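**Q** here's a sequence, model it:
(chains A, B, C and D)
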Protein chains: 2
Amino acid sequence: MAFKHDLFAQFARVGKALSNGNRLELLEYLAQGERSVEQLSTVAGLTVANTSQHLQQLRHAGMVTSRKEGLKVYYRISGDDIIILLDALRSVAERHVTDVQYLVNTYLTVKDNLEPIPRAELLERARDGLITVLDVRPAEEYASGHVSGAVNVPLKDLEKWIKKLDKNQEIVAYCRGPHCVLAFDAVARLREKGIKARRMEDGYPEWKTAGLPVEESHSGT
Amino acid sequence: MAFKHDLFAQFARVGKALSNGNRLELLEYLAQGERSVEQLSTVAGLTVANTSQHLQQLRHAGMVTSRKEGLKVYYRISGDDIIILLDALRSVAERHVTDVQYLVNTYLTVKDNLEPIPRAELLERARDGLITVLDVRPAEEYASGHVSGAVNVPLKDLEKWIKKLDKNQEIVAYCRGPHCVLAFDAVARLREKGIKARRMEDGYPEWKTAGLPVEESHSGT
DNA sequence: TTATTATTCAATAGATTAATTGATTACTAG
DNA sequence: CTAGTAATCAATTAATCTATTGAATAATAA
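**A** A predicted model of the protein is given here:
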């Protein structure tokens, strides 16, 4: 029985990595692509030292790897299975934790039908030129990797972009994941202007993990 | 940003539920079917009070539900998505935590080709009567639910059962999950006796979650 | 009513975790 | 070599978690 006990203890190490909100947030950003410690600390609103410590815990649990280049240390998700795990976690939380349901309903639901468009359908219709795919993440996240053919319009530039837009064009927006507010926000604003807009199912990491076409920066920086 | 923070904090509640080896073990047993607190405490080797507390934590995280019947309180997994989450966790641990790889290689690998037989293939060949499906879990776990058509032979009865077995018959054994030792053990022993035996991919909960045919006790007890 | 059983509750001690602070290391540029 | 930057390390405190113990509750049976 020692084996069983040891094995569950090891599984729990991965569970522990997922047991802290700040670490989950770091993982969400890492799911977008490789990031330095400083970038992560800024975006997650943590001190550099604290971020570094969380990242080391994630590394011990095997969820991220790191490489040093010059002064900087870059961390990245250690495999697509991590993204699958994170989505499974999110989806369990959304289905069974009532507070999550409340949060999602309060902050993320736009009145209308907000059925997101499935990836397969999006792909097909984008190929036919029927829709414009909109990436509403910050420029640097777009730069490190995005859905093939997507246009990058960070939220702050959205109003400007809308002006020079053919109002008959249908838009599909995406961002970091199923609960990322950016795409919800963008869709709401587009609809206000009378533009036909929907949200893409999930976000960039899931798209990429599904093996669908992406454009990635392979440059050193 | 408060929303994002709150949301990650809620996801972390599910992560916390997965952050303790004893809770993961309880979840594995619950994945087989409904169980009382006492049954769980026995099989997990914990005191009843401790088991009860862990179960309450799991309930707060939305992963299990409970019902009272007479003196007993029965707990059960709150949905198939929990099983998917547990498998995702196991598979991340197996791929990225070296200690898990070591444990698995040390305790679970039988020398030969131990490629488990995929569920789809098993189903097909069992229908054609080419193989016997063997459930090596304890009788009571078998009783509460098992793969349709499977024969229950707990490990301790295996030797006896082998004797009255047609040696040309091919056997496929399964138990609680991908890392459950029972099926590994059974396959090894069957092979020693010159019987063609393989292990089924994963275990009963995954089979059931995949929507494949099962026989379940729907009786009150 | 009383005794018995299954579970939960409450209080506790020891262990672990999270965030902060300031020092230290590793690397680069001048 | 020196200064500056990015990250890590080490020490600390407060908070949280785990397992244990014994008492309390709820349902059943005598």
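
**Q** state the distance from the residue minimising distance to the centre of chain A to DNA strand D.
**A** Computing the C-alpha centroid of chain A and ranking residues by C-alpha atoms, centre = their mean puts residue A:176 first, at 2.2 Å. Applying C-beta to the nearest atom of the strand, to the nearest Å, the value for residue A:176 to DNA strand D is 20 Å. C-beta: built from backbone N, CA, C; applies to glycine.

**Q** ok, now residue A:8?
**A** Computed as C-beta to the nearest atom of the strand, the residue A:8 to DNA strand D distance reads 10 Å.

**Q** who's in contact with that residue?
**A** The neighbourhood of residue A:8, defined by C-beta atoms under 8 Å, 6 or more residues apart in numbering or on different chains, consists of B:21, B:22, B:24, B:25, B:28.

**Q** same thing but 10 Å
**A** Contacts for residue A:8 (C-beta atoms under 10 Å, 6 or more residues apart in numbering or on different chains) come out as A:15, B:20-28, B:44, B:93, B:179.

**Q** before we move on, what about residue A:194?
**A** Contacts for residue A:194 (C-beta under 10 Å, 6+ apart) come out as A:162, A:167.

**Q** am I right that it sits in a helix?
**A** No. Assignment of residue A:194 by DSSP: H, G, I helix; E, B strand; the rest coil gives coil, placing it outside any helix.

**Q** got the CA positions of the helix or strand that residue A:87 is a member of in PDB?
**A** Using DSSP states H and E, residue A:87 falls within helix A:80-96. Taking C-alpha atoms only, helix A:80-96 is exported to PDB below (Å, rounded to 0.1, in the frame of the first residue of the first chain):
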ATOM      1  CA  ASP A  80      -0.400  21.000 -24.000                       C
ATOM      2  CA  ASP A  81      -1.700  18.600 -21.300                       C
ATOM      3  CA  ILE A  82      -1.400  21.500 -18.900                       C
ATOM      4  CA  ILE A  83      -3.900  23.500 -20.900                       C
ATOM      5  CA  ILE A  84      -6.200  20.600 -20.900                       C
ATOM      6  CA  LEU A  85      -5.900  20.300 -17.200                       C
ATOM      7  CA  LEU A  86      -6.600  24.000 -16.600                       C
ATOM      8  CA  ASP A  87      -9.700  23.800 -18.800                       C
ATOM      9  CA  ALA A  88     -10.900  20.800 -16.900                       C
ATOM     10  CA  LEU A  89     -10.400  22.700 -13.700                       C
ATOM     11  CA  ARG A  90     -12.200  25.700 -15.000                       C
ATOM     12  CA  SER A  91     -15.100  23.700 -16.300                       C
ATOM     13  CA  VAL A  92     -15.500  21.800 -13.000                       C
ATOM     14  CA  ALA A  93     -15.500  25.100 -11.100                       C
ATOM     15  CA  GLU A  94     -18.000  26.600 -13.500                       C
ATOM     16  CA  ARG A  95     -20.300  23.700 -13.200                       C
ATOM     17  CA  HIS A  96     -20.200  23.000  -9.500                       C
END
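
**Q** which two in the contacts of residue A:8 are spaced the farthest apart?
**A** The largest separation in the contacts of residue A:8, counting by C-beta to C-beta, is between B:44 and B:93 at 18.9 Å.

**Q** next one: phi and psi at residue A:154?
**A** Main-chain dihedrals, residue A:154, degrees, to the nearest 10: phi -60, psi 150.

**Q** show me what contacts the closest residue to it other than its chain neighbours?
**A** Of all residues not flanking residue A:154 in the chain, residue A:138 sits nearest, at 5.4 Å (C-beta to C-beta, 6 or more residues apart in numbering or on different chains). Residue A:138 makes contacts with A:32, A:43, A:152, A:154, A:155, A:156, A:175, A:182, as judged by C-beta under 10 Å, 6+ apart.

**Q** is there proximity between stretch A:78-96 and chain B?
**A** Yes. Using C-beta under 10 Å from any C-beta of the partner chain, stretch A:78-96 comes into contact with chain B via A:78-79, A:81-96.

**Q** list the helices and strands the helix or strand encompassing residue A:208 packs on?
**A** Here residue A:208, judged by DSSP H and E, is contained in helix A:204-209. The contact analysis (3 or more C-beta pairs under 10 Å, 6 or more residues apart in numbering or on different chains; DSSP states H and E) places helix A:204-209 against helix A:21-32, helix A:80-96, helix A:119-127, helix A:139-144, strand A:146-147, strand A:170-174, strand A:214-215.

**Q** go again using 6 Å as the cut-off
**A** helix A:80-96 (3 or more C-beta pairs under 6 Å, 6 or more residues apart in numbering or on different chains; DSSP states H and E).

**Q** next, the buried residues of the helix it packs on.
**A** For helix A:80-96, burial by neighbour count (16 or more other C-beta atoms under 10 Å in any protein chain shown) applies to A:81-94, A:96.
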